[in-house]
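Sequence below, structure please.
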Amino acid sequence: MSDELGAVRVVGVSYYQEALERCSAGQPVRFVHEPDNPYDETALRVVSITGETIGYLPRGSWLHRAIHQHGRGAAAIIASMGYSRACVLGAALSAVLTDDKPSVESYHANAPAPEVPAGGFRYWISTPGAASRPGAVQK
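Numbers count the residues shown, from 1 in each chain. Predicted coordinates:
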């Protein structure tokens with residue numbers, strides 16, 4: 001896979017408005033995988049230079065896929081910030097893929113980082129809840 005450079009927006013920003021207000025364009029951010037996130041075990045949290053969460057990467061973004069499916073790391077800066085029509089401050093990132101390993105931390109404060117399943121970031125994700133979904137075949 002060739003190195004990619006591209007833009008990606010940060011989602012979930014309405015929950016992190018105070019942290020976003022302390023950010024500015026040009027500041028670096030880092031991405032943290034949260035395998036124990038109760039909402040999404042592939043969640044990639046976006047963390048500001050001050051260590052505050054400012055949102056998450058969208059699940060379907062090119063960067064999310066590159067990190068999880070190809071095991072790539074990423075470096076990024078806040079490319080722009082602005083308000084939506086709903087007066088919610090948001091951010092867009094400019095990111096490039098790297099050969100660094102992605103960081104892993106717990107979703108829960110002061111909890112140790114969970115173990116990433118065998119195969120690292122290049123694993124198929126299956127949850128116990130998958131068997132209880134309508135239409136799922138149980139063996």
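
Roughly how far does T53 sit from E34?
T53 is 10 Å from E34, where distance means C-beta to C-beta, to the nearest Å. For the C-beta atoms, the positions are set from N, CA and C on the backbone; glycine is no exception.

Please enumerate the shared neighbours of the two.
Counting by C-beta atoms under 8 Å, 6 or more residues apart in numbering, the contacts common to T53 and E34 are R45.

what's the longest helix in the chain?
The helix that spans the most residues within the chain, counting by DSSP state H, is helix 62-70.

what distance separates that helix from the centre of its chain?
Chain-centre distance of helix 62-70: 10 Å, with C-alpha atoms, centre = their mean, to the nearest Å.

just stretch 80-89 next, same as before
20 Å.

pretty sure R59 is in a helix, no?
No: secondary structure assignment (DSSP: H, G, I helix; E, B strand; the rest coil) places R59 in coil, not in a helix.

Please pull up the helix or strand immediately following the longest helix of the chain.
strand 73-83 (DSSP states H and E).

Pairing partners for the following helix or strand past that next one, with directions?
Sequence-wise, the next helix or strand downstream of strand 73-83 (DSSP H and E) is strand 89-98. In the sheet, strand 89-98 lines up against strand 5-9 (antiparallel), strand 73-83 (antiparallel) (DSSP bridges).
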